[in-house]
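In: coords please:
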Amino acid sequence: MRTDQMLIVALIGVMMAAFVWGRYRYDLVGAGALVIALILGLVSPKDAFSGFADDIVIIVACALIVSAAISRSGVMDLAMRRLHPELRGPRTQLLILVFICAVLSAFVKNIGALAIMIPVAVQLARKSSVSASLFLMPMSFASLLGGLMTQIGTSPNIIVSRVRQEMTGQAFSMFDYTPVGAALTAVGLIFLVTCYKLLPVRTRETASLEDAVKIDNYTTEATVGVESTAIGQPVSNLLKLAGGAAVITAIIGSNGKRRTPLPDMLMKAGDVLILEGEQEALDTIVSHGSLSLREHHAGQRAEGIEHSAVEAIVGERSRLVGLSAKDISLFNVSGLNLLAVSRRGKRFVERLGEIKIQDGDIVLLQGQLNELPELLREWDCLPLVAREVKLGMTRNALLPVGILLVAMAATAFGGVPVAAAFFAAALLIILTGSLPLREAYNALDAPILVMLAVLIPISDALRKTGTTDVIAAQLSSTAQVLPAYGAIALILLAAMAVTPFLNNAATVLVMAPIAATFATQLGYRPEAFLMAVAIGAGCDFLTPIGHQCNTLVMGPGGYRFGDYWRLGLPLSLLVVAVSVPMLMVVWPL
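Out: Take a look at the predicted model:
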């Protein structure tokens with residue numbers, strides 16, 4: 001090997017060791033490695049920042065935005081009602097999640113399938129009081145396995161099909177991948193469901209402050225409109241939506257008379273419900289019961305002005321103390337809308353606008369985003385730590401899901417590049433108001449995106465210095481002395497080892513011609529070897545950087561770089577053990 005080749009191999013080795021060590025955050029390690037590569041001349045200044053424009057970075061960034069929009073839409077609450085609490089225990093929940101991810105990934109891009117399912121997993125974990133890290137990495141691995149089952153499931157399958165057509169004049173068909181891919185998926189899912197405890201329990205770095213703010217006795221009021229699905233339903237059905245996290249403290253009929261909210265009492269149009277519970281639970285009842293919050297001013301909102309809600313503590317000098325929102329006509333005076341009130345140890349039965357505010361009450365206020373900070377100071381209300389407030393948001397539950405489905409269909413059947421489709425989907429989601437621009441930028445996980453962007457030119461240096469050619473030559477000479485099953489296993493392992501640094505498509509482009517060439521030299525048919533390359537390139541279970549699915553779950557799951565091999569290494573060995581005999585049976589040599 002030449003000096004530059006030895007240097008790039010040494011640099012990547014040191015970088016991987018730093019990732020596993022975990023002393024410094026992964027984006028800093030990647031940035032440091034890029035600077036060293038620049039100093040050593042392994043990466044040119046012209047190419048140093050090309051990774052920020054790479055398709056992989058665009059896809060991951062847009063997938064984060066799409067996933068945030070789906071989570072915000074509330075459509076996942078419908079899935080939650082199906083999955084919880086009927087499914088008891090994390091293992092059963094994990095089985096359903098990984099199965100859905102695998103099946104979806106067989107027919108749509110796995111990154112899109114995973115983007116749909118991440119909000120479901122996060123909410124399910126929250127309601128089950130377990131860490132989301134329990135679900136997210138197995139789901140990512142399941143989406144990679146599911147993509148092996150069809151030609152359109154993953155890019156390596158498409159590329160090896162083209163290589164076979166160039167060699168034999170016949171490409172692989174849509175379901176030529178299914179026998180081996182389905183077997184690997186079935187065995188892999190069983191492993192993921194039974195061995196998920198190999199993963200350490202992690203939490204997001206930003207979760208601690210939000211978790212410290214737990215307010216479970218907000219009081220709000222909502223009206224049963226003429227189009228509400230709650231009409232004619234008993235109180236118990238409406239409360240089931242909240243999973244026990246909210247109660248109805250009073251019902252006020254359209255005639256002004258109060259009724260005791262017994263479980264079997266039927267609700268009528270015009271009823272005003274006094275609700276108490278966590279703000280997310282209240283939002284679930286309001287949105288899925290098609291109820292109307294107390295927003296008599298909604299029609300006065302100016303077009304194009306973004307509104308937001310904030311939780312705040314009422315100060316002792318606030319003009320709100322001793323008065324109700326009705327007393328001072330809060331909205332008419334300030335433009336603020338009172339959505340809910342919380343007071344320690346107090347259960348309210350009066351209407352929201354009639355509650356006398358006291359010093360220390362926590363209020364949920366809604367107003368124009370650009371005016372909220374000044375209004376909070378004016379009314380002496382101290383905002384709590386920033387966290388998502390769903391109550392009072394306007395949402396279209398199906399729109400972001402529909403946009404994502406159209407984008408995935410365009411990539412599968414319309415020939416649109418994945419990056420372009422996901423970028424257009426993210427833009428449409430913002431333009432249609434499915435996700436405010438501020439929340440879209442908050443959804444972007446900067447450390448993950450920076451890590452990807454700085455590692456791409458380093459991985460390109462492997463190819464540009466000719467290091468990949470040296471590795472390929474060594475593989476070819478080694479395979480000459482191995483039996484057939486050994487040669488297939490070698491190709492499979494080599495593809496698995498290379499794909500974290502070249503990405504899966506580049507790995508196939510490098511490895512497929514090599515595999516086909518020495519298959520011919522050994523007197524074997526090339527199909528099993530080409531399939532081995534596709535499987536190896538599609539099964540990066542050891543790092544978060546080889547496939548965008550692994551990268552996508554790193555932030556939400558709070559994973560560290562070294563966590564992936566804990567579950568990924570035994571799964572990789574299992575894939576090799578199952579793939580080799582299956583390939584030799586399905587594709588005889």
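
In: from here on, contacts and neighbour counts on C-alpha atoms
Out: Noted.

In: per-residue confidence averaged over stretch 543-553?
Out: Averaging pLDDT along stretch 543-553 yields 84.

In: for the lengthiest helix in the chain, packing partners?
Out: For the chain, the helix reaching the highest residue count under DSSP state H is reported as helix 484-521. Counting by 3 or more CA pairs under 8 Å, 6 or more residues apart in numbering; DSSP states H and E, the packing neighbours recorded for helix 484-521 are helix 155-168, helix 446-464, helix 467-479, helix 527-538, helix 564-586.

In: Buried residues in it, which are they?
Out: Buried residues in helix 484-521, counted by 16 or more other CA atoms under 10 Å: 484, 487-519.

In: same check, this time on stretch 461-473
Out: 461, 462, 463, 465, 467, 468, 469, 472.

In: would you turn those into CSV with distance to residue 538 and pLDDT?
Out: Listed next are those as CSV, based on distance: CA to CA, whole Å; pLDDT from 0 to 100:
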residue, distance to residue 538, pLDDT
461, 22, 86
462, 20, 78
463, 19, 75
465, 25, 86
467, 22, 82
468, 18, 72
469, 21, 76
472, 19, 70
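
In: ok, the residue nearest to residue 194 when sequence neighbours are not counted - how many residues close by?
Out: Spatially, and ignoring its direct neighbours in sequence, residue 194 is nearest to residue 91 (7.7 Å; CA to CA, 6 or more residues apart in numbering). Residue 91 has 18 neighbours, counted by other CA atoms under 10 Å.

In: Check the one 5 residues further on too.
Out: Residues near residue 96, counting by other CA under 10 Å, number 15.

In: Am I right that it falls within a helix?
Out: Yes: under DSSP: H, G, I helix; E, B strand; the rest coil, residue 96 sits within a helix.

In: Okay, it and residue 71: tell me how far apart.
Out: 19 Å (CA to CA, to the nearest Å).

In: One more: residue 507?
Out: Distance of residue 507 to residue 71, computed by CA to CA: 34 Å.

In: I'd like the secondary structure assignment at residue 203, please.
Out: At residue 203 the chain is in coil, as set by three-state DSSP.

In: Is it correct that it is in contact with residue 134?
Out: No: contact status for residue 203 versus residue 134: not in contact, 10.0 Å apart, counting by CA atoms under 8 Å.

In: Among these two, which residue is more densely surrounded?
Out: Taking other CA under 10 Å, residue 203 and residue 134 do not tie; residue 134 has more neighbours (23 against 17).

In: Could you identify which of the helices and strands packed on helix 484-521 is most buried?
Out: Of all the helices and strands packed on helix 484-521, helix 527-538 has the most neighbours on average by mean count of other CA atoms under 10 Å, namely a mean of 30.

In: Give the next helix or strand downstream of the helix or strand residue 407 falls within.
Out: Under the criterion of DSSP states H and E, residue 407 resides in helix 399-413. Where DSSP H and E defines the elements, the next helix or strand beyond helix 399-413 is helix 418-431.

In: Name the residues of the next helix or strand after that next one that are buried.
Out: Once the chain leaves helix 418-431, the next helix or strand it forms, by DSSP H and E, is helix 437-443. Under the neighbour-count criterion of 16+ other CA under 10 Å, helix 437-443 has 437, 440, 443 buried.

In: how near is residue 117 to residue 70?
Out: Applying CA to CA to residue 117 and residue 70 gives a distance of 9 Å.

In: Comparing these two, which residue is more hemmed in?
Out: Neighbours per residue, other CA under 10 Å: of residue 117 and residue 70, the larger number sits with residue 70, 28 against 23.

In: I'd like to know how far that one sits from residue 371.
Out: In terms of CA to CA, residue 70 sits 27 Å off from residue 371.

In: mind giving me the domain split of the chain?
Out: Here the domain assignment for the chain is 3-45, 214-293, 302-383, based on automatic domain parsing.

In: Out of these, which is the most enclosed?
Out: Mean neighbour count (mean count of other CA under 10 Å) peaks for domain 214-293 among the domains of the chain, with a mean of 19.

In: Please work out the average pLDDT along it.
Out: 85.

In: How about residue 223, nearest residue that isn't a chain neighbour?
Out: Among residues not flanking residue 223 along the chain, residue 272 sits closest, at 4.5 Å (CA to CA, 6+ apart).

In: That neighbour bridge partners, please.
Out: Note on residue 272: beta-bridge partners by DSSP bridges are residue 223, residue 252.

In: From residue 97, how far out is it?
Out: To residue 97, residue 272 is 38 Å away according to CA to CA.

In: Enumerate every residue touching the residue nearest to the spatial centre of the chain.
Out: Nearest residue to the geometric centre of the chain (CA atoms, centre = their mean): residue 118, 3.9 Å. Contact partners of residue 118, counting by CA atoms under 8 Å, 6 or more residues apart in numbering, are 67, 136, 553.

In: Could you dump these into TSV and include distance to residue 546, neighbour count and secondary structure?
Out: Compiled in TSV, the contacts of residue 118 are given as follows (distance: CA to CA, whole Å; neighbours: other CA atoms under 10 Å; DSSP: H, G, I helix; E, B strand; the rest coil):
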residue	distance to residue 546	neighbour count	secondary structure
67	21	25	helix
136	16	29	helix
553	13	25	helix
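
In: what's the spacing between the residue nearest to residue 194 and residue 191?
Out: Distance of residue 91 to residue 191, computed by CA to CA: 12 Å.

In: what's the answer for residue 434, then?
Out: Here residue 434 is placed at a distance of 37 Å from residue 191 (CA to CA).

In: Just want to know which of those two has more residues nearby.
Out: residue 434 (24 against 16).

In: Surely the more buried one and residue 73 touch.
Out: Yes: at 7.1 Å, residue 434 counts as touching residue 73 under the criterion of CA under 8 Å.

In: List the buried residues of the helix or strand containing the residue nearest to the centre of the chain.
Out: Residue 118 belongs to helix 110-128 when assigned by DSSP H and E. Buried residues in helix 110-128, counted by 16+ other CA under 10 Å: 110-125, 128.

In: Skipping adjacent residues, who's closest to residue 456 in space?
Out: With sequence-adjacent residues excluded and distances taken as CA to CA, 6+ apart, residue 456 is closest to residue 51, at 5.2 Å.

In: what residues are up against that neighbour?
Out: With CA under 8 Å, 6+ apart, residue 51 has these contacts: 57, 452, 453, 454, 455, 456, 457.

In: tell me the pLDDT at the closest residue in space to the fifth one that isn't next to it in sequence?
Out: When the adjacent residues along the chain are set aside, residue 455 lies closest to residue 30, with 6.0 Å between them (CA to CA, 6+ apart). Per-residue confidence at residue 30 stands at 88 (pLDDT).

In: ok, now residue 52?
Out: Predicted confidence (pLDDT) for residue 52: 90.

In: how close does it sit to residue 453?
Out: Distance, residue 52 to residue 453, by CA to CA: 5 Å.

In: Then residue 529?
Out: Taking CA to CA as the criterion, residue 529 is separated from residue 453 by 32 Å.

In: so where's the stretch 1-150 of the chain shaky on pLDDT?
Out: Where the stretch 1-150 of the chain drops to pLDDT under 70, the residues are 74-88.
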